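S.K.: Dropping a prediction and its sequence here:
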Amino acid sequence: MAHRWKNTLTSADVTPKSIWMNRRSVLAGLAGAGALSSVGGMATAQDALTPNTLEEIRSYNNFYEFGTGKGDPSANAGAMDTSGWEVTIDGLVDNPGTYALNDLIGDMTVEERIYRFRCVEAWSMVVPWNGFELADLLNKVGVQSGATHVAFETAVMPEVMIGVQRRVMDFPYVEGLRLDEAMHPLTLMATGIYDEPLANQNGAPMRLVVPWKYGFKSIKSIVRITLTDEQPPTSWSTINPREYGFYSNVNPQVDHPRWSQASERVIGGGLFAARKDTLMFNGYPEVASLYEGLDLAANY
Ligand SMILES: Nc1nc2c(c(=O)[nH]1)N[C@H]1C(S)=C(S)[C@@H](COP(=O)(O)O)O[C@H]1N2
Ligand SMILES: [Mo]
């Protein structure tokens, strides 16, 4: 299938904002790792952030609807039919409704964003997403003044989802953001990777990507987006609030109760998987102002 969204931009095009933002965060990340001297001319952000291969990104997954093993989503998610996908927008919005996906996002400007991706389980990848800013979608549907948070919900298709059949957790999988986090220009709705439509195991046809938060915030295969005036329940913080908080910002100084978050295992790169230091906000310090005055150890 051809990548069907209009206005597709890639790194080959002039994409000042995304490239600039990535470059800035890469600089900060490298400075944090003490490697500033290797930056040299800083040609592009892509030079510094080497993406994982498509094969790696499509074969090592978490998508519990299709099973709890890392290989289960790639083995099982192909059975999900994403044609005729609809997304319901409701709550505190001017234009609520159930939309055919293309009617909702067909006019969005799709950009390439090469982001670090850090799972709470302490592994990481670098993924070249294609997507649009969630803010563009929220502005299109019209957020009403009382809204403070955004809630997201994943499809539930028991016929094809063995994890749903086996009730490995409560479904639908739900997630949420504060409205200011949702409106941040780094927050992406992804529809592709490497200029190809998302594979089902990566959350086709549309999934959230919040690069400064642990991966479980980046909810897949979204069927519902709700604007609300209270903090919405989220799947993992409901299952275990002590281990998984609502914010779940990547933070090397706040360990998971059962393991350190100070470093991460880099997926790929052969037999001797590299480890590297985990960066505050996963190397996106531009989001720090969102949390001024908040105790990040208490609000994990
Ligand atoms: N609906 C749904 N979304 C989900 C998950 C899930 O189990 N179900 N897993 C999360 C977790 S823990 C991670 S690390 C990422 C993994 O995304 P990837 O497989 O595309 O790398 O998806 C997140 N989104
Ligand atoms: Mo994760």
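M.R.: Structure received. Ligands and ions are numbered 1, 2, ... in the order given.
S.K.: Which single residue in the stretch 151-300 of the chain comes nearest to ligand 2?
M.R.: Nearest residue of the stretch 151-300 of the chain to ligand 2: Gly215, at 3.7 Å (C-beta to the ion). Any C-beta I mention is one placed from the backbone N, CA and C, and that applies to glycine too.
S.K.: Any idea how many residues pack against the nearest residue to Glu243 once chain neighbours are set aside?
M.R.: Of all residues not flanking Glu243 in the chain, Pro257 sits nearest, at 5.5 Å (C-beta to C-beta, 6 or more residues apart in numbering). Neighbour count for Pro257, taken as other C-beta atoms under 10 Å: 8.
S.K.: correct me, but Pro257 touches Tyr244?
M.R.: No. Using C-beta atoms under 8 Å as the test, Pro257 is too far from Tyr244 to be in contact (9.9 Å).
S.K.: OK, contacts around the closest residue to ligand 2 within the stretch 1-150 of the chain?
M.R.: Ligand 2 sits closest to Cys119 of the stretch 1-150 of the chain, with a gap of 3.5 Å, by C-beta to the ion. By C-beta atoms under 8 Å, 6 or more residues apart in numbering, Cys119 lies in contact with 62, 214-216.
S.K.: got CSV for those, with pLDDT and neighbour count too?
M.R.: Putting the contacts of Cys119 into CSV (pLDDT from 0 to 100; neighbours: other C-beta atoms under 10 Å) gives the following:
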residue, pLDDT, neighbour count
Asn62, 98, 20
Tyr214, 98, 25
Gly215, 98, 21
Phe216, 98, 19
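S.K.: Ser74: which of the residues you listed is nearest?
M.R.: Among these, Asn62 lies closest to Ser74 (C-beta to C-beta), at 11.4 Å.
S.K.: Specify the local secondary structure of the closest one.
M.R.: What DSSP: H, G, I helix; E, B strand; the rest coil gives for Asn62 is coil.
S.K.: That one reaches Asp72, doesn't it?
M.R.: No. Look at Asn62 against Asp72 with C-beta under 8 Å: they stay out of range, at 9.3 Å.
S.K.: hang on, Lys217 packs against Glu175?
M.R.: Yes. Look at Lys217 against Glu175 with C-beta under 8 Å: they come within range, at 5.7 Å.
S.K.: overlap in contacts of these two?
M.R.: Common neighbours of Lys217 and Glu175 (criterion: C-beta under 8 Å, 6+ apart): 208, 234.
S.K.: ok, which residues in the chain are in contact with ligand 2?
M.R.: Proximity of the chain to ligand 2 (C-beta under 5 Å from the ion) is limited to residues 62, 119, 215-216.
S.K.: follow-up on the earlier one: not counting sequence-adjacent ones, nearest residue to the residue of the stretch 151-300 of the chain closest to ligand 2?
M.R.: Leaving out its chain neighbours, the residue that sits closest to Gly215 by C-beta to C-beta, 6+ apart is Cys119, at 4.1 Å.
S.K.: And that neighbour, how close does it get to Glu159?
M.R.: 28 Å (C-beta to C-beta, to the nearest Å).
S.K.: Next: Gly293.
M.R.: The spacing between Gly293 and Glu159, counted by C-beta to C-beta, is 47 Å.
S.K.: Equivalent analysis for Val210, please.
M.R.: As judged by C-beta to C-beta, Val210 and Glu159 stand 30 Å apart.
S.K.: more neighbours, those two?
M.R.: Between Val210 and Glu159, counted using other C-beta under 10 Å, the more crowded position is Val210 (27 against 9).
S.K.: Can you name the residues that contact that one?
M.R.: The contact partners of Val210, by C-beta under 8 Å, 6+ apart, come to 177, 181, 186-188, 217-218.
S.K.: Do you know the pLDDT at it?
M.R.: Val210 is assigned 98 on the pLDDT scale.
S.K.: ok, now how distant is the residue nearest to it when sequence neighbours are not counted from ligand 1?
M.R.: Spatial nearest neighbour of Val210, excluding adjacent residues (C-beta to C-beta, 6+ apart): Lys217 at 4.9 Å. Look at Lys217 and ligand 1: by C-beta to the nearest ligand atom, to the nearest Å, they are 7 Å apart.
S.K.: What residues are bridge-paired with the most centrally placed residue in the chain?
M.R.: With distances taken as C-alpha atoms, centre = their mean, Val209 lies nearest the centre of the chain, 1.9 Å away. Going by DSSP bridges, Val209 is paired in beta bridges with Leu188.
S.K.: Could you double-check that it lies in contact with Leu188?
M.R.: Yes. Val209 lies in contact with Leu188 (C-beta under 8 Å); the separation is 4.3 Å.
S.K.: Any chance you could list residues touching both of those two?
M.R.: With contacts taken as C-beta under 8 Å, 6+ apart, Val209 and Leu188 have 113, 115, 129, 131 as neighbours in common.
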